[in-house]
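K.L.:
Following is a predicted model, sequence given first.
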Amino acid sequence: MRSFARSSYPAIDSAVALALTHEAARSASHRRRRRIWLMPTALIAVSLLAIPTAAVAERIFEAQSGEFSEETTESEAGNEWIYTGSPDYESYLLSIVPKHLPAPEWLDWDAEAKVAAKWYQSYEGGYIEDATLICDFENTLWQAWIAEWIMADHENDDVRREAAMAALREAPSWPNIASSDGGGIRYSMWAFVARMNVADPQARRVAAQALAERETGQIARVDQLIELDLTDALPADEQLATRGPAFHKLYEVWDHRDRQLLITEILAGIDTVSSEDDSSAGSPYWDDYDRALVNIATAAGVKDPAAAVGHSRLGPSMWKDEPVWKGEQSEGGDVK
């Protein structure tokens, strides 16, 4: 692969840094919280989890707790809780990578699972839902296809570029990305793909680089944010050490130019998908969101947008006359 010219990390002043941290917070608010429980299996079984009578799973790995989540706004019924401190945790991760989904030839799932295992085991024996782990791998695949598109475009390889574009159009419909969408994940993905779905080659390249920046750029700027005392995140080198080969590939092909204004423009539609202020489970907001997804998927070139979107798990038809949350929440959003 030919080398990519890279400028130095973009400079950042206080005003831009504040805008970036606001964008990060806004993006995080649209994502399902990652729940990692640091407590013994017995306590989980007694006080935190319900095992649906229909949930049946064969325990093949020690990492499998045999305990399953119940249906809440945060979790689907039947997700199994996985113990990250198990000696066969890496083997378990390798067993759940989405090999059934299309992947670039260079993607190494063994290497991705190894890095993921090391990162999750830093929690020293926590529990995490299997669906969250699979969603992380689907996101890894999404990032791999962004990198593949940029490399193919750089090399004027139309066949590889079209294959990458087809995968990027499909990615928001991958099962665990779709189920984890708390109002913005899939919209933002298709919004970037829509900007790449144009005839102008330069416009496509700029949109792809903006997407690469959104996926990886927070690491490039984190050291400057630390200096400005605007984040308590780990330094860039420590964060990069926790990321797998696909992320590093995307970080490499990103040209490291600042396109925050373009990113904000591309994502602006998320805030106008509905006039409903209430986006809790069962709200009409979710029907509006589904319609907005169909529109943006159409702009992205998805062949059957309605089928690709489906229906939100949080919509009125799914939560009619049902409680939207079981349990108390602390001020920070975690379960008490």
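P.N.:
On my side now, so go ahead.
K.L.:
Following element in sequence after the strand or helix carrying residue 218, please.
P.N.:
Per DSSP states H and E, residue 218 falls inside helix 201-227. Using DSSP H and E, the helix or strand that follows helix 201-227 in sequence is helix 236-240.
K.L.:
Please work out the average pLDDT along the helix holding residue 218.
P.N.:
Averaged across helix 201-227, the pLDDT comes to 94.
K.L.:
helices and strands around that helix, which ones?
P.N.:
helix 14-29, helix 130-154, helix 185-196, helix 236-240, helix 245-253, helix 260-267 (3 or more C-beta pairs under 8 Å, 6 or more residues apart in numbering; DSSP states H and E). Quick note: C-beta positions are derived from backbone N, CA and C, even for glycine.
K.L.:
Next, format those as JSON lines and append mean pLDDT.
P.N.:
Output for those, formatted as JSON lines (pLDDT from 0 to 100):
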{"stretch": "helix 14-29", "mean pLDDT": "41"}
{"stretch": "helix 130-154", "mean pLDDT": "97"}
{"stretch": "helix 185-196", "mean pLDDT": "98"}
{"stretch": "helix 236-240", "mean pLDDT": "91"}
{"stretch": "helix 245-253", "mean pLDDT": "97"}
{"stretch": "helix 260-267", "mean pLDDT": "96"}
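K.L.:
Any idea which of the ones you listed gets closest to residue 279?
P.N.:
helix 14-29 (9.9 Å; C-beta to C-beta).
K.L.:
nearest to residue 305, of the helices and strands packed on helix 201-227?
P.N.:
Comparing the helices and strands packed on helix 201-227 under C-beta to C-beta, the one sitting nearest is helix 185-196, at 9.0 Å.
K.L.:
Show me what that closest one is packed against.
P.N.:
By 3+ C-beta pairs under 8 Å, 6+ apart, helix 185-196 packs against helix 158-170, helix 175-179, helix 201-227, helix 260-267, helix 285-299.
K.L.:
closest one to residue 206 among the helices and strands packed on helix 201-227?
P.N.:
Of the helices and strands packed on helix 201-227, nearest to residue 206 by C-beta to C-beta is helix 260-267, at 7.0 Å.
K.L.:
Pull out the buried positions in the closest one.
P.N.:
Neighbour counts over helix 260-267 (16 or more other C-beta atoms under 10 Å) mark 260, 262, 263, 266, 267 as buried.
K.L.:
Run the angle between it and helix 201-227 for me.
P.N.:
Angle between the axes of helix 260-267 and helix 201-227 is 110 degrees (criterion: axes from the mean of the first three to the mean of the last three C-alpha atoms, to 10 degrees).
K.L.:
And helix 260-267, what does it pack against?
P.N.:
helix 14-29, helix 185-196, helix 201-227.
K.L.:
out of those helices, deepest packed?
P.N.:
Highest mean neighbour count of those: helix 185-196, a mean of 23 (counted as mean count of other C-beta atoms under 10 Å).
K.L.:
tell me the contacts of the nearest residue to residue 165 once chain neighbours are set aside?
P.N.:
Distances taken as C-beta to C-beta, 6 or more residues apart in numbering put residue 149 closest to residue 165, at 6.3 Å, once the chain neighbours are dropped. Neighbour list for residue 149: 161, 164, 165, 168, 196, 208 [criterion: C-beta atoms under 8 Å, 6 or more residues apart in numbering].
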